[in-house]
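>>> Output the structure for:
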Amino acid sequence: WYQRRVRGSLFLAVVGSLIFAGCAWLFSYGNTVDMFDELRRMDKRQVIYQFLNFAMIVSSALMLWKGLFVVTHCESPIVVVLSGSMQPAYYRGDLLFLTNQPEPVRVGDVVVFRVRGRNIPIVHRVLKVHEKDDGYVKFLTKGDNNNIDDRGLYVDGQLWLEEQDIIGRVKGYLPYVGMMTILMNDKPNLKYALLGLLALFVLIKREQ
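Here you go, the predicted structure:
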């Protein structure tokens, strides 16, 4: 069950929600001609002001995303489910929230881990934990919807994961919210179009 680690997932999710709000406003605006007349009537100062508003929205989303690094101690606090090997626990498009707090990983925890030499992390459940007297801990994982454990996914000769392989543990999720992120990554032109709509929305939305 491979996951795409999207470092800007929260950023895209926040901006995406704003895009949907903007699109809803645009379609409910009434006459499309009136909407563009409103844009043409704006003077240079108003355009600059609305552009700064747009920049503040984007900056706030980015600051929120960066703040999650500090709070969760996780390099990738959000990942998006891409396939179904963890069903029925999680489905494609679910947005998973991760933490990497200094507490022991237990059997049954759902973790995000990296396989050496691969860029795409994997999110599976911990099947076994082996701890030695000297404190050395290793893990074996498996997808809920898979018939066998993950040893076939590890690098050749690797039978267990180590602590440095773990990126974080799943602490919560939002169902299907990540579908927008998947679409934006698979179709970059859609991302630029939606961001353009958001910019248009911010520019036109004048203070009453």
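>>> CA atoms for contacts and neighbours, from now on please.
OK.
>>> Helix or strand with the lowest mean pLDDT in this structure?
strand 3-4 (a mean of 43; mean pLDDT, DSSP states H and E).
>>> Stretch 177-193: end-to-end distance?
Using CA to CA, to the nearest Å, one end of stretch 177-193 lies 19 Å from the other.
>>> Please enumerate the strands of the protein.
Ranges of strands within the chain are 3-4, 78-81, 95-99, 110-113, 122-131, 137-142, 161-162, 166-174, based on DSSP state E.
>>> Quick one, which of the ones you listed gets closest to Arg151.
Closest to Arg151 of those is strand 137-142 (CA to CA; 7.7 Å).
>>> tell me the most buried of the strands of the chain?
Mean neighbours per residue, mean count of other CA atoms under 10 Å, is largest over the strands of the chain for strand 78-81, with a mean of 27.
>>> low-confidence ranges in the chain?
Within the chain, the ranges that satisfy pLDDT under 70 run 1-43, 46-47, 50, 54, 191, 199-208.
>>> for the chain, longest helix please?
Ranked by number of residues, the top helix in the chain under DSSP state H is helix 44-72.
>>> name the helices or strands packed onto that one?
helix 9-27, helix 188-204 (3 or more CA pairs under 8 Å, 6 or more residues apart in numbering; DSSP states H and E).
>>> hang on, the earlier thing: export the strands of the chain to JSON lines and tack on distance to Lys187?
Shown next, in JSON lines, are those (distance: least, CA to CA, whole Å):
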{"stretch": "strand 3-4", "distance to Lys187": "15"}
{"stretch": "strand 78-81", "distance to Lys187": "16"}
{"stretch": "strand 95-99", "distance to Lys187": "19"}
{"stretch": "strand 110-113", "distance to Lys187": "25"}
{"stretch": "strand 122-131", "distance to Lys187": "22"}
{"stretch": "strand 137-142", "distance to Lys187": "31"}
{"stretch": "strand 161-162", "distance to Lys187": "34"}
{"stretch": "strand 166-174", "distance to Lys187": "22"}
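>>> right, so of those strands, which gets closest to Phe69?
strand 95-99 (9.0 Å).
>>> send the alpha carbons of the closest one over as CSV?
Below are the C-alpha coordinates for strand 95-99, written out as CSV (Å, rounded to 0.1, in the frame of the first residue of the first chain):
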residue,chain,number,x,y,z
LEU,A,95,-5.9,12.3,4.3
LEU,A,96,-3.8,10.9,7.2
PHE,A,97,-2.3,12.9,10.0
LEU,A,98,1.0,11.7,11.4
THR,A,99,3.1,12.3,14.5
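>>> quick one: that strand to helix 44-72, angle?
Strand 95-99 and helix 44-72 are oriented at 60 degrees to each other (axes from the mean of the first three to the mean of the last three CA atoms, to 10 degrees).
>>> for strand 95-99, the distance to its chain's centre please.
Offset of strand 95-99 from its chain centre (CA atoms, centre = their mean, to the nearest Å): 8 Å.
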